[in-house]
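Chemist: Fold the stuff below for me.
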Amino acid sequence: MGSASERDNRIEALNGLLERLCSPDLTLAEAKDLRGRLAGLVDRRDGTPVDGKSA
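Modeler: Purely as a prediction, here's the structure:
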């Protein structure tokens, strides 16, 4: 598991992404980009998705 600072940075990044995803002027192209960034933040460092399922 990462350090507290790393965890805090990921939480801050997730909050920013969620804020942007809830924006009424979000475009499809931006949503696709955000989806990739969100997946990168949510996946664990060992490559195992948070839900425990294999990719």
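Chemist: Show me which residues of the lengthiest helix in the chain are buried.
Modeler: Under DSSP state H, the helix in the chain containing the largest number of residues is helix 4-21. In terms of neighbour count (16 or more other C-beta atoms under 10 Å), helix 4-21 has its buried residues at Leu17, Arg20. Heads up, the C-betas are built off the backbone N, CA and C, glycines and all.
Chemist: which residues sit against that helix?
Modeler: Surrounding helix 4-21, the residues in contact under the criterion C-beta atoms under 8 Å, 6 or more residues apart in numbering are Met1, Gly2, Leu26, Glu30, Ala31, Leu34, Arg37, Leu38, Leu41, Val42.
Chemist: Save those as JSON lines, and put in secondary structure, neighbour count and pLDDT too.
Modeler: Supplementary listing: these in JSON lines, determined by DSSP: H, G, I helix; E, B strand; the rest coil; neighbours: other C-beta atoms under 10 Å; pLDDT from 0 to 100:
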{"residue": "Met1", "secondary structure": "coil", "neighbour count": "7", "pLDDT": "52"}
{"residue": "Gly2", "secondary structure": "coil", "neighbour count": "11", "pLDDT": "65"}
{"residue": "Leu26", "secondary structure": "coil", "neighbour count": "12", "pLDDT": "93"}
{"residue": "Glu30", "secondary structure": "helix", "neighbour count": "13", "pLDDT": "93"}
{"residue": "Ala31", "secondary structure": "helix", "neighbour count": "12", "pLDDT": "91"}
{"residue": "Leu34", "secondary structure": "helix", "neighbour count": "16", "pLDDT": "90"}
{"residue": "Arg37", "secondary structure": "helix", "neighbour count": "14", "pLDDT": "88"}
{"residue": "Leu38", "secondary structure": "helix", "neighbour count": "16", "pLDDT": "86"}
{"residue": "Leu41", "secondary structure": "helix", "neighbour count": "14", "pLDDT": "83"}
{"residue": "Val42", "secondary structure": "helix", "neighbour count": "13", "pLDDT": "81"}
